[in-house]
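Visitor: Coordinates for the following, if possible.
(one chain, ligands or ions: 1)
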Amino acid sequence: MIDNGTPQATIGRRAAGTLVAVAETRLVIIGGGPAGNTCATHAARHGANVTMIERDVVGGAAHLWDCIPSKAMIATGGAMSFLSRSEGMGLADVQPAVDLDALRSRLDRIETRLQGQMSSLLESQGIDIIRGHGRITGPHRVVAETDTGDRELEADVIVLATGSRPRIPDWCTPDGNRILTTRDAYPPAEMPSHLVVIGSGVTGVEFVHMFKSFGADVTLIVSRQQVLPQKDPEVAAALEEDFLRRGVRLLKGARATGADMTDEGVRVTTDDGRAVDGSHALLAIGSLPNSEGLGLDSVGLDIDGGYIKIDHNCLSSVDHVYAAGDLSGKLPLSSVAAMQGRKIAEHAMGLHRDRPHRHLDYDKAASAIFTEPEIADVGLAEADAFAEGRKIRVTKVPFTVSAKAMINDDNRGFVKIVSDPATGVVLGGSIVGRHAAELISVLAVAVTAGLTVNDLVESLLVHPTLAEVLAEAAE
Ligand SMILES: Cc1cc2nc3c(=O)[nH]c(=O)nc-3n(C[C@H](O)[C@H](O)[C@H](O)COP(=O)(O)OP(=O)(O)OC[C@H]3O[C@@H](n4cnc5c(N)ncnc54)[C@H](O)[C@@H]3O)c2cc1C
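Guide: Numbers count the residues shown, from 1 in each chain. Here you go, the predicted structure:
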């Protein structure tokens, strides 16, 4: 049964209030994560007839397994480590302990509330949400396999936003109990006494920080000589220093080749012959795109390693099929996925022709690592500029100069700003320290809007705040 009708003539509203007859665009989205949701709401707001197929929960992996539960666990761990430093704040010694059931209900509460909010928003905009597995069956046809049978849908525009899942290597079989993927960790059935984290990228280091805050012993397998191999070495060094201070064991230059269950727990072996025994192991070695079973062959889309190739408008090699989010193989960030979804809605509905349109610039995406201290950056990195032989001005101010950092009893870290020496335009920056993930927004706006260091210096900021250090670093 084909049940989303044919394009209908409707009345649309254009700029300056003129009413024009437009054909309603039938947009079918597969995947309800940040990419799919944002595309759906933006397109519906502009008059599209939107159907979204989601096989799990609206909100996607981002709400269920990735951004939200990981940051909620980190916030609880952060509260624990802050309270255990309470003497510095002039309080009597406090020794908090984790309550796994309370933590589990906290995570459930957040997830239920976010999912409810998201479903209400989509429904209030008239978006048809189909629970089931979506698959393309022809150039303009999608099938949703549901519990009550298949539903066939006609689409003018198809958006693929099916996200990704943790990569599981062939040398290890996670059981969800002792050998965990990131999806088994919110929280695990029992708190690990010694967790071996495999993978020292963004996800790996966040899990190191999370479980260390809960009091576990943690060993991190680092395949190179630096944690966060893609990051500015100075920034990575600040994190390593903190890990070592907190007693995290770093196994550098070692690639895990096995993780096996033992009588006492788990043994992780590495390619240089070393072995680490722990109570639990956690895999954080990247992700794979959810592109199987999507019917990509039926329309002949160009793919690369399972990721759908897209152009600067997120358009695939087929002119009415778009891809967004992790499936597009660009930056695997929720914020980027959402912005791609928005840009797709604008492009698919022709809105980019009527109004100022800015292409998505992945090089200007801000990102953060929710460790302690937090690490955040945006735009051009100092190391990359040097590698390219580009002339830059780099200014750096530590949080030790900040009154607010003193008030917070936490003056770790620094702000570094990279600017153009000729024009003063802010090209990028890094922040290490408390609330870095929030503070980087100021630099992200500066980078996107082409503001100068002088614009930052002359902004009247609130005192006392950590943000004042941004203005000082811009001097
Ligand atoms: C541990 C972890 C922490 C992270 N933390 C952050 C963070 O703090 N900030 C940040 O910006 N990014 C973070 N990320 C990355 C972020 O989660 C992803 O980039 C983001 O979820 C991608 O959004 P998406 O819409 O592409 O896909 P997803 O959020 O994965 O959503 C895709 C949806 O598609 C559905 N689906 C898949 N196939 C089908 C099908 N055939 N039919 C119907 N439905 C289907 C899935 O059920 C899912 O709901 C984190 C990632 C991990 C692993």
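
Visitor: Which strand residues bridge residue 165?
Guide: residue 288 (DSSP bridges).

Visitor: then the biggest strand by length in the chain to PDB, C-alphas only?
Guide: With secondary structure taken from DSSP state E, the chain has its longest strand at strand 426-433. The C-alpha trace of strand 426-433 is given here as PDB (Å, rounded to 0.1, in the frame of the first residue of the first chain):
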ATOM      1  CA  VAL A 426      40.100  34.900  14.800                       C
ATOM      2  CA  LEU A 427      41.000  31.600  13.000                       C
ATOM      3  CA  GLY A 428      40.700  29.100  15.800                       C
ATOM      4  CA  GLY A 429      41.400  28.300  19.400                       C
ATOM      5  CA  SER A 430      41.600  25.700  22.100                       C
ATOM      6  CA  ILE A 431      40.500  25.800  25.700                       C
ATOM      7  CA  VAL A 432      41.500  23.400  28.400                       C
ATOM      8  CA  GLY A 433      39.800  23.900  31.800                       C
END
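
Visitor: Doesn't residue 27 lie inside a strand?
Guide: Yes - under DSSP: H, G, I helix; E, B strand; the rest coil, residue 27 falls within a strand.

Visitor: Does it touch residue 159 like I think?
Guide: Yes - contact status for residue 27 versus residue 159: in contact at 6.6 Å, counting by Cβ atoms under 8 Å. Where you see a C-beta, it was placed from the backbone N, CA and C, and this is true even at glycine.

Visitor: Pull up the overlap in contacts between the two.
Guide: The contact sets of residue 27 and residue 159 overlap at 39, 348 (Cβ atoms under 8 Å, 6 or more residues apart in numbering).

Visitor: which one of these two has more residues nearby?
Guide: residue 159 (30 against 27; other Cβ atoms under 10 Å).

Visitor: Work out for me the element the more buried one sits within.
Guide: Using DSSP states H and E, residue 159 sits within strand 157-160.

Visitor: Equivalent analysis for residue 77, please.
Guide: Per DSSP H and E: helix 67-83 holds residue 77.

Visitor: What residues of the helix or strand residue 234 falls within count as buried?
Guide: Following DSSP H and E, one finds residue 234 within helix 233-245. Applying a neighbour-count criterion of 16 or more other Cβ atoms under 10 Å, one finds 235-236, 238-240, 242-243 buried in helix 233-245.

Visitor: Run through the helices of the stretch 301-450 of the chain in chain order.
Guide: Using DSSP state H, counting those that start in this stretch, the helices found in the stretch 301-450 of the chain span residues 334-348, 351-354, 382-387, 403-407, 436-449.

Visitor: can you tell me which of the ones you listed comes nearest to the ligand?
Guide: Nearest of those to the ligand, taken as Cβ to the nearest ligand atom: helix 334-348 at 3.4 Å.

Visitor: list the contacts for the closest residue to the ligand within the stretch 201-350 of the chain?
Guide: Nearest to the ligand, among the residues of the stretch 201-350 of the chain, is residue 325, at 2.0 Å (Cβ to the nearest ligand atom). Counting by Cβ under 8 Å, 6+ apart, residue 325 touches 31, 33-36, 161-163, 336-337, 340-341.

Visitor: sorry, back to before: pull the distance from the helix holding residue 234 to the chain's centre.
Guide: 22 Å (Cα atoms, centre = their mean, to the nearest Å).
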